[in-house]
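Student: Return a 3D structure for these sequence lines:
(one chain, ligands or ions: 2)
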Amino acid sequence: MVSFSIPTVDLSPFFNEGVDQDGKKKAMEIIAKACSDYAFFQVVNHGVPLSLMTRALELSKTFFELPIEEKLQSSPCSGGPRPLPAGYNRPEHSAEKNEYLVIIPPGSSFNVYSTNPPDFREIQFIAHFTKTGLLVESILNECLGLPPNFLKEYNDDRSGDAMAALCYSPATDTENNGISDHEDANCFTFVFQDETGGLEVLKDGDWIPVTPTEDAIVVNINDVIQVLSNNKFKSATHKVVKPTGRNRHSYAFFYTLAGYKWVEPLPQFTKEIGEPPKYRGFVYKEY
Ligand SMILES: O=C(O)CCC(=O)C(=O)O
Ligand SMILES: [Fe+2]
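Tutor: Ligands and ions are numbered 1, 2, ... in the order given. So this is what the prediction gives:
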């Protein structure tokens, strides 16, 4: 039995500019250590109201319990953005067959809101998670020792971000795989899960379960940051184990990079310190 839990970082010092320098420093030390090792941590006092997170989970439970004909009315429109088209998806091709509902930034003509429950359209998921995303990005920027606002200016197009409500069916006698081990491609992902748990991160060869905490958001650092930092920060390997006897609900907010952006190890982690690049450059949408 592994008795490790991912670190919890209090982000409140970052909301009171200049007041708690010590709190900021401590938070950054914990984040930098976690990112250079297994790339998972969770944040509290992150700016997203708990009432919104709770409501979001209630809404997704109501939605996924609807009859399939009704869910299919929120199917993606053709020509929508990939790999996550907005709307309801029930992938027949994947082994896991989890259902999910994707919401992309408001204003996109490809957004497909479910009309039942009606609040889905009203709840300001993307606005809240984007704000916290900008904060986490600025903290990562500082932890990596990059020039002020470097990541914000480089990653200045938020149109590719997406929020997915996920529903995992119960484990069967022979299968409890919710999502196989993987790394996410984007910059970083925020996850919050209901009380069933099931999210796990790989650390030093052991799978560490992430205990659900009502008001915490899990942050996992992903491939784009790993490449930009030339492996200084890692991309987290994670998976989901299905629960027994009930569905599992979670949300993932993918803070990503626009498809046309160029990604390669930055000079701060290569030329300037005499290290060879560990990755070749690429256009993000070709990744
Ligand atoms: O549902 C979760 O807890 C995690 C989802 C995930 O890893 C993903 O969608 O990439
Ligand atoms: Fe993931």
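Student: how about the strands in the stretch 1-150 of the chain?
Tutor: 8-10, 40-44, 87-89, 99-103 (DSSP state E, counting those that start in this stretch).
Student: between these, which gets nearest to Gly133?
Tutor: strand 40-44 (11.2 Å; Cβ to Cβ). C-beta coordinates here come from the backbone N, C-alpha and C atoms, glycine included.
Student: What's the mean pLDDT across that closest one?
Tutor: What strand 40-44 shows for mean pLDDT is 97.
Student: Residue numbering should commence at 32 henceforth.
Tutor: Sure, I'll start numbering at 32, so the last one becomes strand 71-75.
Student: is ligand 1 contacted by it?
Tutor: No - using Cβ under 6 Å from any ligand atom, strand 71-75 never reaches ligand 1; the gap is at least 10.9 Å.
Student: all helices for the stretch 82-231 of the chain, in order.
Tutor: 99-103, 150-153, 156-174, 181-185 (DSSP state H, counting those that start in this stretch).
Student: Go through the ones you listed and pick out the most buried.
Tutor: Highest mean neighbour count of the helices of the stretch 82-231 of the chain: helix 156-174, a mean of 19 (counted as mean count of other Cβ atoms under 10 Å).
Student: What residues does this protein have near ligand 1?
Tutor: Proximity of the chain to ligand 1, by Cβ under 6 Å from any ligand atom, involves residues Leu197, Ile210, Asp215, Val222, Gln224, Leu230, His269, Val271, Ser281, Ala283.
Student: Widest-spaced pair of those residues?
Tutor: It's Asp215 and Gln224 that sit farthest apart of these, by Cβ to Cβ, at 15.4 Å.
Student: since we're on Pro179, how many residues are nearby?
Tutor: 10 (other Cβ atoms under 10 Å).
Student: Phe284 too?
Tutor: 25.
Student: go on, the one 3 residues further on?
Tutor: Counted with other Cβ under 10 Å, the burial measure for Thr287 works out to 25 neighbours.
Student: Would you mind listing the buried residues in stretch 62-76?
Tutor: Across stretch 62-76, burial judged by 16 or more other Cβ atoms under 10 Å covers Ile62, Ala63, Ala65, Cys66, Ser67, Tyr69, Ala70, Phe71, Phe72, Gln73, Val74.
Student: Show me how far it is from its chain's centre.
Tutor: 13 Å (Cα atoms, centre = their mean, to the nearest Å).
Student: Output it as PDB, restricted to C-alpha atoms.
Tutor: Extracted in PDB, the C-alpha atoms of stretch 62-76 (Å, rounded to 0.1, in the frame of the first residue of the first chain):
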ATOM      1  CA  ILE A  62       4.600  23.200  -7.300                       C
ATOM      2  CA  ALA A  63       8.100  23.300  -8.800                       C
ATOM      3  CA  LYS A  64       9.000  20.100  -6.900                       C
ATOM      4  CA  ALA A  65       5.800  18.200  -7.900                       C
ATOM      5  CA  CYS A  66       6.200  19.300 -11.600                       C
ATOM      6  CA  SER A  67       9.800  18.200 -11.900                       C
ATOM      7  CA  ASP A  68       8.900  14.800 -10.400                       C
ATOM      8  CA  TYR A  69       5.400  13.400 -11.300                       C
ATOM      9  CA  ALA A  70       3.600  16.600 -12.400                       C
ATOM     10  CA  PHE A  71       0.400  16.300 -10.200                       C
ATOM     11  CA  PHE A  72      -0.800  18.600  -7.400                       C
ATOM     12  CA  GLN A  73      -4.100  20.000  -6.200                       C
ATOM     13  CA  VAL A  74      -5.000  23.500  -5.500                       C
ATOM     14  CA  VAL A  75      -7.400  25.000  -3.000                       C
ATOM     15  CA  ASN A  76      -8.600  28.700  -2.700                       C
END
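Student: who touches that stretch?
Tutor: Residues outside stretch 62-76 that contact it (Cβ atoms under 8 Å, 6 or more residues apart in numbering): 37-43, 46, 61, 163, 167, 170-171, 174, 232-235, 239, 241, 244, 246-253, 256-257, 263-269.
Student: Write a PyMOL command that selects only the buried members of the residues you listed.
Tutor: Buried subset of these, written as a PyMOL selection, criterion 16+ other Cβ under 10 Å:
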select buried, resi 37+40+42+163+167+170+171+174+232+233+234+239+241+247+248+249+250+251+252+253+256+257+263+264+265+266+267+268+269
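Student: Redo the residues of the chain next to ligand 1 as a markdown table? Include pLDDT and distance to Asn186.
Tutor: As requested, the residues of the chain next to ligand 1 are arranged in a markdown table below (pLDDT from 0 to 100; distance: Cβ to Cβ, whole Å):
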| residue | pLDDT | distance to Asn186 |
| --- | --- | --- |
| Leu197 | 95 | 24 |
| Ile210 | 93 | 25 |
| Asp215 | 97 | 15 |
| Val222 | 98 | 20 |
| Gln224 | 96 | 26 |
| Leu230 | 97 | 25 |
| His269 | 98 | 22 |
| Val271 | 97 | 27 |
| Ser281 | 97 | 24 |
| Ala283 | 96 | 18 |
